[in-house]
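> what's the 3D shape of this:
(chains A and B, ligands or ions: 2)
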Amino acid sequence: MLELRGLTKRFGRLTAVDDLTIDISPGRVTGFLGPNGAGKTTTLRMALGLVKPTAGTATFDGKTYRQLAIPMRQVGASLEATSFHPGRTALNHLLTLAPPARVPDSRCMQVLEFVGLGPGAKRRVGQFSLGMRARLSLASALLGDPPTLLLDEPVNGLDPEGIAWMRRMLRALAAEGRTVLISSHLLSEVYQTADDVVILSRGRAVYTGSLVDLESSGQRVTVVSTPDPPAFARLAARLGWQLAGHPEGYAVSGPTAAEIGDAAAGAGIVLHQLATRSDSLETAFLALTEGQGSIR
Amino acid sequence: MIPAIASENRKFFSTRIWWILLLCMVAYVAFVVALIAVVIHFAEGVGAPQGTIGTPYSLPASMAYVFPATIGALAITSEYRHQTLTPTFLATPRRGIVLGAKLIGAVPIGLVLGVMASLTALAVGGGTLGLLGDDTSLGLASSWRDLVLGALAMAMWTLIGLSFGALVRSQVAAIVILLVFSQVVEPILRMVPMGVPAMSHVVKFLPGAAGEALAGGGQVYGVGSVEGVVGLPAWGGALTMAAYVAVFAVVGYVVSMRRDVT
Ligand SMILES: Nc1ncnc2c1ncn2[C@@H]1O[C@H](COP(=O)(O)OP(=O)(O)OP(=O)(O)O)[C@@H](O)[C@H]1O
Ligand SMILES: [Mg+2]
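Numbers count the residues shown, from 1 in each chain, chains lettered A, B, ... in the order given. Ligands and ions are numbered 1, 2, ... in the order given. Below you'll find the predicted structure:
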């Protein structure tokens, strides 16, 4: 359990993180969302003792990161995958961390194989692609087999196969009862992975809760394709649905997919597609974070 | 503390820069020592009484100390340069322990550098003098003392470089300052006592002068070259160097190491 209490960071006049009070629960994957510059990385760095909070605390089961006896055994973290010496091999990078993490050296090769870097273990990190760095960063986080994982943009740079693998792995880790926090600036990235989300905008938490609740709070958009668009438009006008043009037909706001399907069947209109889009989530996300502008 | 030292040790040996600098140091020491041995040969040839010119054995700590100092500085400035302080502090969040582990871990490394430099001075210096048919001075206890204490001085230079790097943080700035200070600034300052003898009491505390005092040198830009002025004793040189390490490390910890890592 990670508890943030009134966590605040000011850089000069800019308040990067503003009075954040949230609990990140074990056994769930929590998505930590917000546009660029919202304060996600700063929050994680404060929790990890790398950045000193202007106010507030961050504790793991009651202890600050610095108070943890063997931090890497308690909390695994990966922060924007740039922190490697380019001249050091992937295996050597992990070997430098093994003594303070109090794990045997053999564990290093084991986690490298687990993240799919076995063949690249003896290569210098300077030659690694972005996705390989992301995997190495994850390997460092997993080195101490910690019950809590804080991952900053973990899928950044991963290929589709890597993203699918990452999702399965994070779900499995949470299912084991671990606390998993993943940050992203794209809701779609965490959509299939997270149970809960914390949405940050200008350093403030604007939404904390489950994804399901967020979804129902947003406007639903259902994409409809039909061989008879004029008939469908007349039906929508009669029932007061909002229609918008869409490359595949119409985007309908308001009713559920079931309501649309029933009404179309009743009116004898053939539908070729009836799909609720997670755009509704994206819409809710944008509505919550709008006004920040992309960068502060 | 011990796991943190093991970590620092692995960091040091897992990149290539250390042995590149080690090879450069050995080559440079060999060149300088051979050159001075030849100079000694011709100076004695023109009538200087044997032994008064000095020996080449204390030269590493006078001429080649930028190598251990640079290796020391890299141990910390490369962490800033490649942003590896993030994983370092995640593994060991107490930053004083990280700095302490770096300093302790650098001691054996500095000693190895010092021993390599002294062995090079012994082989090349003794060999050259021997080939020229001169007295190698290896019968003198002072020659052996210079070789041993010279190795210690080089180890101290590794620590000075490291603690200085902790203060400066920027790799480029740390190396440029080390080079300019050791090759230009200190040699000029050391000439001041020739005009103002009283200044020798200040100049002898310069880091290079302190290192030479420990290694038994002084014939290069010597403090001792001014009539009636003596440099520090060996133990005084060692203490002065230790004081530099302590001041840089404490100020570096307070001013630099406790900063936010973003
Ligand atoms: N060291 C620093 N000095 C000054 N301002 C900073 C510093 N670090 C971060 N900031 C500012 O704090 C704000 C939050 O930055 P942060 O990196 O936490 O955002 P983020 O949510 O991680 O963004 P992204 O999605 O782009 O990674 C930004 O406006 C950034 O410019
Ligand atoms: Mg970020």
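
> Enumerate every residue touching the spatially closest residue to residue A:28 that is not a sequence neighbour.
Among residues not flanking residue A:28 along the chain, residue A:195 sits closest, at 4.3 Å (C-beta to C-beta, 6 or more residues apart in numbering or on different chains). Any C-beta I mention is one placed from the backbone N, CA and C, and that applies to glycine too. Residues in contact with residue A:195 (C-beta atoms under 8 Å, 6 or more residues apart in numbering or on different chains) are A:28, A:29, A:30, A:174, A:210, A:211.

> May I have the phi/psi pair for residue A:17?
Note on residue A:17: backbone dihedrals following degrees, to the nearest 10 are phi -130, psi 130.

> cool, and residue A:121?
phi -60, psi -40.

> swap in residue A:10?
Torsion angles, degrees, to the nearest 10, at residue A:10: phi -110, psi 130.

> tally of neighbours for it?
Neighbourhood size, residue A:10 [other C-beta atoms under 10 Å in any protein chain shown]: 14.

> show me what contacts it?
A:16, A:54.

> who does it bridge with?
Applying DSSP bridges to residue A:10 gives these bridge partners: residue A:15.

> In contact with residue 102, which residues?
Using chain A. Residue A:102 is in contact with A:70, A:73, A:144, B:3, counting by C-beta under 8 Å, 6+ apart.

> nope, chain B
Residue B:102 is in contact with B:8, B:75, B:76, B:162, B:166, counting by C-beta under 8 Å, 6+ apart.

> what's the spacing between it and residue B:69?
Per C-beta to C-beta, to the nearest Å, residue B:102 is found 14 Å from residue B:69.

> ok, now residue B:255?
20 Å.

> quick one: which of those two has more around it?
With other C-beta under 10 Å as the criterion, residue B:255 and residue B:69 differ in neighbour count, and residue B:69 comes out ahead with 29 against 13.

> which residues touch the more buried one?
By C-beta under 8 Å, 6+ apart, residue B:69 lies in contact with B:157, B:158, B:160, B:161, B:164, B:178, B:182.

> Could you report the neighbour count for the fifth one?
By the measure other C-beta under 10 Å, the count of residues near residue B:164 is 26.

> That one contacts residue B:178, doesn't it?
Yes: contact status for residue B:164 versus residue B:178: in contact at 7.0 Å, counting by C-beta atoms under 8 Å.

> anything in contact with each of those two?
B:69, B:73.

> wait, what's in contact with residue B:114?
For residue B:114, the contact set (C-beta under 8 Å, 6+ apart) comprises B:60, B:68, B:150, B:151, B:152, B:153, B:154, B:155.

> Also residue A:111?
Counting by C-beta under 8 Å, 6+ apart, residue A:111 has contacts A:94, A:139, A:142, A:143.

> which one of the residues you listed has the most neighbours?
residue A:94 (28 neighbours).

> now that residue, nearest residue through space, not along the chain?
Using C-beta to C-beta, 6+ apart and skipping residues adjacent in sequence, the residue nearest residue A:94 is residue A:108, 3.8 Å away.

> surely that neighbour meets residue A:99?
No: using C-beta under 8 Å, residue A:108 makes no contact with residue A:99, being 11.0 Å away.

> Looking only at neighbour counts, state which of those two leads.
Higher neighbour count among residue A:108 and residue A:99: residue A:108, with 24 against 20, using other C-beta under 10 Å.

> For the stretch 151-296 of chain A, give me the ranges with low pLDDT.
Scanning the stretch 151-296 of chain A for pLDDT under 70 picks out A:216-220, A:278-283, A:287, A:290-296.

> got the contact list for whichever residue of the stretch 101-250 of chain B sits closest to chain A?
Chain A sits closest to residue B:101 of the stretch 101-250 of chain B, with a gap of 9.2 Å, by C-beta to the nearest C-beta. Counting by C-beta under 8 Å, 6+ apart, residue B:101 touches B:1, B:4, B:5, B:7, B:8, B:92.

> State the pLDDT value of the fourth one.
It stands for residue B:7. pLDDT recorded at residue B:7 is 96.

> What residues does the stretch 151-262 of chain B have near chain A?
Contact residues, the stretch 151-262 of chain B versus chain A (C-beta under 8 Å from any C-beta of the partner chain): B:260, B:261, B:262.

> out of those, which is most surrounded?
The residue in those with the most neighbours, by other C-beta under 10 Å, is residue B:261 (21 neighbours).

> Check whether that one really touches residue B:86, as I assumed.
Yes: applying C-beta under 8 Å, one finds residue B:261 in contact with residue B:86, separated by 5.8 Å.

> Strands along the stretch 151-296 of chain A, start to end?
A:179-184, A:196-201, A:204-210, A:221-225, A:242-246, A:249-253, A:273-276 (DSSP state E, counting those that start in this stretch).

> TSV for these, including mean neighbour count?
Shown next, in TSV, are the strands of the stretch 151-296 of chain A (neighbours: other C-beta atoms under 10 Å in any protein chain shown):
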stretch	mean neighbour count
strand A:179-184	25
strand A:196-201	23
strand A:204-210	16
strand A:221-225	21
strand A:242-246	13
strand A:249-253	19
strand A:273-276	14
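
> now those in TSV, with distance to residue A:8?
Converted to TSV, the strands of the stretch 151-296 of chain A look like this (distance: least, C-beta to C-beta, whole Å):
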stretch	distance to residue A:8
strand A:179-184	18
strand A:196-201	13
strand A:204-210	10
strand A:221-225	36
strand A:242-246	41
strand A:249-253	38
strand A:273-276	39
